[in-house]
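**Student:** I'd like to go over a predicted model; first the sequence, then the structure.
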Amino acid sequence: MRTMEMREARAMVKAMRSDAGRAPEGLADAVLSEVGLVDSWTEVEGPIGPLYVAWGRDGVSAVERAGDPAGFEADYELRTGRSIRRVPEMSPKLLGQVRARLRGERTDGPPVDLASLTEFEQAVLRKTMEIPYGEVRPYSWVAREIGRPRAVRAVGSALGGNPIVFVIPCHRVVRADGRIGEYGAGGPDAKREVLACEGIDTRELERMAERGVRYVGSDTTSIYCYPSCHHARRISATHEVRFRDAAEARSAGYRPCKSCRPLEGTPFAA
């Protein structure tokens, strides 16, 4: 069906050229884009450098750190089966939504196009979009939240193949022990840099991980959280209590935070 639509659109372009004599440069792509058969991409400033952002009629479909434009287009067409063209800029509305997402503002947009992914991969990435700006969660948390607690490695693979980095914040997912872990958009150092832009002290998180600290609690509320949770970050040093695991927190009379929803059992390795 899509091939037929493409042919019809190209036939329309050919007819327009015949009528007009000489059509403007790029008219074919403009018409195909209008009917949703050619996707577009442009460059947008990201938190640690420029990004290539692609979109189509169903929303943002790819984000990648700027590098090889031809390679970006080739990879995109191979993954989606759709043609793509570079344009000077995206619509003001979509650009505003993308920038808001990168700044961590509460927003329902931009819409993301995950049609080329499996249902499992889509579930992983959509859950990852719920992790608040300036906070991190372990792979095992994502697995539990989507109802697949034993699929931790599969979650890691899905995040490693995230085609819409930064907009879908896979950098906010870390290892079960609290260490930063790998990152497909530049490795651990890039991941630390992005998290630092969001106000996270990654060195402190990793120091806590080395000491075996996974949760922090407040002795005034008797609630325990992930260390990066916005509630945990408001706990003063005199009222902070650190725990190695959920069992230790429970035995001390603490209950889990309803916001960050820390794992209460023994997490599977990630």
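**Tutor:** Now that the structure is in, tell me what you want to look at.

**Student:** three-state assignment of W141?
**Tutor:** helix (DSSP: H, G, I helix; E, B strand; the rest coil).

**Student:** show me what contacts it?
**Tutor:** 173, 261-263, 267 (Cβ atoms under 8 Å, 6 or more residues apart in numbering). Backbone N, C-alpha and C define where each C-beta goes, glycine included.

**Student:** can you pull up the bridge partners for the most centrally placed residue in the chain?
**Tutor:** Residue closest to the average C-alpha location in the chain (Cα atoms, centre = their mean): I168, at 1.6 Å. On the basis of DSSP bridges, I168 is bridged to V165.

**Student:** where's the dip in pLDDT among the contacts of W141?
**Tutor:** Minimum pLDDT across the contacts of W141 is recorded for P267, with 50.

**Student:** okay, helices next: where are they in this protein?
**Tutor:** Taking DSSP state H, the helices of the chain run over residues 2-20, 27-34, 69-80, 92-103, 119-128, 139-145, 152-160, 187-197, 202-210, 246-251.

**Student:** let's have those helices in JSON lines, adding distance to V216.
**Tutor:** JSON lines is the format used below for the helices of the chain (distance: least, Cβ to Cβ, whole Å):
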{"stretch": "helix 2-20", "distance to V216": "52"}
{"stretch": "helix 27-34", "distance to V216": "50"}
{"stretch": "helix 69-80", "distance to V216": "40"}
{"stretch": "helix 92-103", "distance to V216": "26"}
{"stretch": "helix 119-128", "distance to V216": "23"}
{"stretch": "helix 139-145", "distance to V216": "16"}
{"stretch": "helix 152-160", "distance to V216": "23"}
{"stretch": "helix 187-197", "distance to V216": "17"}
{"stretch": "helix 202-210", "distance to V216": "8"}
{"stretch": "helix 246-251", "distance to V216": "9"}
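
**Student:** which of the ones you listed is buried the deepest?
**Tutor:** Of all the helices of the chain, helix 139-145 has the most neighbours on average by mean count of other Cβ atoms under 10 Å, namely a mean of 24.

**Student:** how about it as CSV, C-alpha atoms only?
**Tutor:** Provided in CSV are the C-alpha atoms of helix 139-145 (Å, rounded to 0.1, in the frame of the first residue of the first chain):
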residue,chain,number,x,y,z
TYR,A,139,17.6,-1.3,34.6
SER,A,140,15.8,-3.7,37.1
TRP,A,141,13.4,-0.9,38.0
VAL,A,142,12.4,-0.5,34.3
ALA,A,143,12.0,-4.3,34.0
ARG,A,144,9.7,-4.4,37.0
GLU,A,145,7.7,-1.4,36.0
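
**Student:** average pLDDT across it?
**Tutor:** Mean predicted confidence for helix 139-145 is 97.

**Student:** now find how far off-centre it is within its chain.
**Tutor:** For helix 139-145, the distance from its own C-alpha centre to the chain's C-alpha centre is 15 Å (Cα atoms, centre = their mean, to the nearest Å).

**Student:** roughly how far apart are P138 and R255?
**Tutor:** To R255, P138 is 19 Å away according to Cβ to Cβ, to the nearest Å.

**Student:** ok, those two, which is more surrounded?
**Tutor:** Set P138 next to R255 and count neighbours by other Cβ atoms under 10 Å: P138 wins out with 25 against 13.

**Student:** what's the closest of the helices of the chain to G49?
**Tutor:** helix 187-197 (9.3 Å; Cβ to Cβ).

**Student:** name the residues that touch the closest one?
**Tutor:** 47-48, 136, 166, 171-172, 180-183, 185-186, 202.

**Student:** between those residues, which is nearest R150?
**Tutor:** Looking across the contacts of helix 187-197 and measuring by Cβ to Cβ, the closest to R150 is G181, at 18.7 Å.

**Student:** so who does that closest one touch?
**Tutor:** G181 touches 139, 173-175, 188, 191, 270, counting by Cβ under 8 Å, 6+ apart.
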